[in-house]
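Student: I need the structure of the sequence given here:
(one chain, ligands or ions: 1)
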Amino acid sequence: MKKQVDLNKAIEELKREKRAIILAHYYTNSQVQQVADFVGDSLALSEKAAVADADIILFAGVRFMAETAKVLSPDKKVLLPVVEAGCSLADSCDAEELRRAREENPDHLVVSYVNTSVEVKALTDICCTSSNALEIVRSLPEEQKILFVPDRNLGSYINRCTGRNMKLWDGCCKVHEEFSVAKIEELKSLHPEAKVLVHPECKPEVVALADYAGSTAGILSYCAREDVREVIVVTESGILYEMEERYPDKKFYLVEPEEGVEKCISCRDIKKVTLENIYQTLLEESPEVVIEESVRKAAAGAIQRMLKR
Ligand code: CIZ
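Tutor: Model prediction:
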């Protein structure tokens, strides 16, 4: 087993030799973020993928993220180090079930959160991310009926903010559902000046505690404010690395889960990406993300409609 310094060096060499870049999500381990050419949310990374001057894109993230990159950059080889790295939200919406729901609701437009499989995106009218969900929904005519998939928490947040009554798929992110009011209030009593920054994938009673609710990118930008000196971080723990890099003078507190012995709430799937499997994946140029062309084109339509708004 190579040591971390050797691995970093070996990965850099492979990147140069193979004209490869590494895109890493904010939720990955800090060592992974350190070898990445870009770190960001899934949308920003996919947009980077599409314009990147590279032959190979290694996506350090979970499957739906790498699929989105492949949809937007069909001519590049997209590698995903851990094929079984999935997402509970994406898994909560099955394409066949969505096909049936579409048939039962022919007058509804399907708006899908980016955390979905490529097959679900192919059945979607328009995609959104947590950064642009409110904007996308507000851009649709008020009388337009909408079926929002798959996140019931993000969907109900959008309904509350926009006054709409979208029909919601009954899915959730198992990681964000772990945040509890009790644990956040406990931290708040220890750090009364801290701002509570919450991802809208959390349950409504948790979002209700927020000084600010928004995407990872939104939360990171909010931390730049002068009046934000301390932060209670109510999203996946990997974001802490970027927060401390950007704002070394501010204090960040991670929330403990209600149950178990862990000190913070993390996505086990995305944490499966390591320097070791990145090195091996680049070396072997496998596993590669392959998407059937008709599915890719249909999914690209839903993503492009989002990007054009
Ligand atoms: O869109 C993403 O990357 C996810 C999963 C969350 C966020 O808010 O950035």
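
Student: How many neighbouring residues does the closest residue to L72 other than its chain neighbours have?
Tutor: Closest residue in space to L72, ignoring its immediate chain neighbours: A50 at 4.2 Å, by C-beta to C-beta, 6 or more residues apart in numbering. In this view, the C-beta of every residue, glycine as well, is placed from N, C-alpha and C. Neighbourhood size, A50 [other C-beta atoms under 10 Å]: 18.

Student: I'd assumed A50 was in a strand, is it?
Tutor: No. Assessed with DSSP: H, G, I helix; E, B strand; the rest coil, A50 is helix; it does not lie in a strand.

Student: is any part of the helix or strand of the chain with the lowest mean pLDDT close to the ligand?
Tutor: Across the helices and strands of the chain, mean pLDDT, DSSP states H and E gives its lowest value to helix 42-51, namely a mean of 86. Yes. For helix 42-51, a contact with the ligand is found by C-beta under 6 Å from any ligand atom, at S42, L43.

Student: The next helix-or-strand element following that helix: how far from the chain's middle?
Tutor: Of the helices and strands lying after helix 42-51 in sequence (DSSP states H and E), the nearest is strand 56-60. The chain centroid and the centroid of strand 56-60 are separated by 16 Å, computed with C-alpha atoms, centre = their mean, to the nearest Å.

Student: The helix or strand that comes right after strand 56-60 - contacts with which helices or strands?
Tutor: Using DSSP H and E, the next helix or strand after strand 56-60 towards the C-terminus is helix 63-72. Applying 3 or more C-beta pairs under 8 Å, 6 or more residues apart in numbering; DSSP states H and E, we find helix 63-72 packed against helix 42-51, strand 56-60, strand 77-79, helix 118-122, helix 293-307.

Student: Can you say which of those is packed in most?
Tutor: Stretch with highest mean neighbour count among these: strand 56-60 (a mean of 27; mean count of other C-beta atoms under 10 Å).

Student: roughly how far is the least confident helix or strand of the chain from the heart of the chain?
Tutor: 12 Å.

Student: Equivalent analysis for stretch 191-203, please.
Tutor: 18 Å.

Student: cool, and stretch 9-17?
Tutor: The answer for stretch 9-17 is 27 Å, by C-alpha atoms, centre = their mean.

Student: what about it, average pLDDT?
Tutor: The pLDDT scores in stretch 9-17 average 97.

Student: what's next to it, contact-wise?
Tutor: K2, A20, I21, I22, V35, D37, L275, I278, Y279, L282, L283 (C-beta atoms under 8 Å, 6 or more residues apart in numbering).

Student: Close to the ligand: what parts of this protein are there?
Tutor: H25, D41, S42, L43, V114, N115, T129, S130, H199, S215, T216, A217.

Student: OK, contacts around Y157?
Tutor: Y157 neighbours (C-beta under 8 Å, 6+ apart): P200, P204, V207, A213.

Student: tell me the phi and psi of it?
Tutor: Per-residue torsions, Y157: phi -60, psi -50 (degrees, to the nearest 10).

Student: And it, how far from S92?
Tutor: 17 Å (C-beta to C-beta, to the nearest Å).

Student: among the helices and strands packed on helix 63-72, where is the model least confident on average?
Tutor: Minimum mean pLDDT among the helices and strands packed on helix 63-72: helix 42-51, a mean of 86.

Student: a helix runs through V261, doesn't it?
Tutor: No. Assessed with three-state DSSP, V261 is coil; it does not lie in a helix.

Student: roughly how far apart are it and K272?
Tutor: 20 Å.

Student: Which one's more surrounded, these two?
Tutor: K272 (16 against 6).

Student: Next up, phi/psi of the closest residue to that one other than its chain neighbours, please.
Tutor: In space, and not counting its chain neighbours, K272 is closest to V82: 4.5 Å by C-beta to C-beta, 6+ apart. Main-chain torsions, V82, degrees, to the nearest 10: phi -120, psi 100.

Student: wait, V233 sits on E242?
Tutor: No. Applying C-beta atoms under 8 Å as the test, V233 and E242 come out as separate, 11.0 Å apart.
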